[in-house]
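**Q** what follows is a predicted structure for the sequence shown.
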Amino acid sequence: MSTLALAVAALGLSACATTPAATPDATVTCEYTASGTAARPVSLPPTTGVPSSGTTVMTLMLNDKPVPITLDRAKAPCTVNSFVSLAGQGYFDGTSCHRLTDSGGLYVLQCGDPTGTGSGGPGYTFPDELNGITGYPAGTVAMANAGANTNGSQFFIVYQDSSLPPSYTVFGTIDASGLAVVKDIAAKGQDNSFGQAGGGKPNAPAEITSVTAG
């Protein structure tokens, strides 16, 4: 698949990585490995002293409507650290969510690729954080990937309970108001450009204006 895997072809991915062990002051050390060409120039996230407790909120403006995301630092500290770093560098600003799936038990809107093709990333990868994943209910925000430990910038928002193996790092949730924004996009359907199992580009606009703290 040319797009980062989320469909049936991804079901055999290994789920072997775990969240790094926290230090007594509730921080972890993360690993980000340079990989490929960045879709937009960004600096690597900080790797030491990464908070590993509590939550933080980032607001994704989608079609000029707020979608607050509560990020779980305890569950996925290195993933949250990367997402916050990319957002702070404007990586997601002015991008489109490029993929919508609406059948086969998979109901997600996939975003985070400035190229809009499904193949773009930030120029680095980092390991999965898969502890404690019990499913992907509506409102889940998780990382898309092309295999184990290949996380980059692409993420997906689950707008209806979905059937997926525990191979995708869950790092946040959206509330009912944000879910309504995504469901409105999903209701317009998609163009099947990624094939029967892979969904396609949303028929409705799905534009991210900004992702900011608070």
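**A** Structure received.

**Q** mind showing which ranges of this structure have poor pLDDT?
**A** 1-25, 196 (pLDDT under 70).

**Q** quick one: the strands in it?
**A** Assigned by DSSP state E, the chain shows strands spanning 27-28, 33-34, 50-51, 55-62, 65-72, 95-96, 99-103, 106-111, 124-125, 140-143, 155-158, 170-174, 207-213.

**Q** kindly calculate the angle that the fifth one makes with strand 170-174.
**A** The reference is to strand 65-72. 140 degrees (axes from the mean of the first three to the mean of the last three C-alpha atoms, to 10 degrees).

**Q** which one of the strands of the chain lies closest to residue 195?
**A** strand 99-103 (10.6 Å; C-beta to C-beta). C-betas here are computed from N, CA, C, even on glycine.

**Q** which other residues reach that closest one?
**A** Here strand 99-103 makes contact (C-beta atoms under 8 Å, 6 or more residues apart in numbering) with 3, 6-7, 107-110, 118, 156, 185-186, 189-190, 194, 198-202, 206.

**Q** swap the cut-off to 7 Å and go again
**A** Residues from elsewhere that reach strand 99-103 (C-beta atoms under 7 Å, 6 or more residues apart in numbering): 3, 6-7, 107-110, 118, 186, 189-190, 194, 199-202.

**Q** now these: which count as buried?
**A** Those of the contacts of strand 99-103 that meet the buried threshold are 3, 6-7, 107-110, 118, 186, 190, 194, 199-202, by 16 or more other C-beta atoms under 10 Å.

**Q** buried deepest among the strands of the chain, which one?
**A** Among the strands of the chain, ranked by average contacts under mean count of other C-beta atoms under 10 Å, first place goes to strand 155-158 (a mean of 28).

**Q** can you give me the helices for the chain?
**A** Assigned by DSSP state H, the chain shows helices spanning 77-88, 176-186.

**Q** which residues touch the most centrally placed residue in the chain?
**A** Central residue of the chain (C-alpha atoms, centre = their mean): residue 155, 1.8 Å from the mean position. By C-beta under 7 Å, 6+ apart, the contact set of residue 155 is 111-112, 141-144.

**Q** tell me the one among the buried ones among the contacts of strand 99-103 nearest to residue 169.
**A** residue 6 (12.6 Å).

**Q** wait, what's in contact with residue 59?
**A** Counting by C-beta under 7 Å, 6+ apart, residue 59 has contacts 66, 68, 212, 214.

**Q** 10 Å instead?
**A** 66-69, 87, 178, 210-214 (C-beta atoms under 10 Å, 6 or more residues apart in numbering).

**Q** from memory residue 160 sits against residue 104, does it?
**A** No: the pair residue 160 / residue 104 is not scored as a contact, 11.8 Å apart, by C-beta atoms under 10 Å.

**Q** the more surrounded of the two?
**A** residue 160 (17 against 14; other C-beta atoms under 10 Å).

**Q** so what's the more buried one closest to, chain neighbours aside?
**A** Closest residue in space to residue 160, ignoring its immediate chain neighbours: residue 107 at 3.7 Å, by C-beta to C-beta, 6 or more residues apart in numbering.
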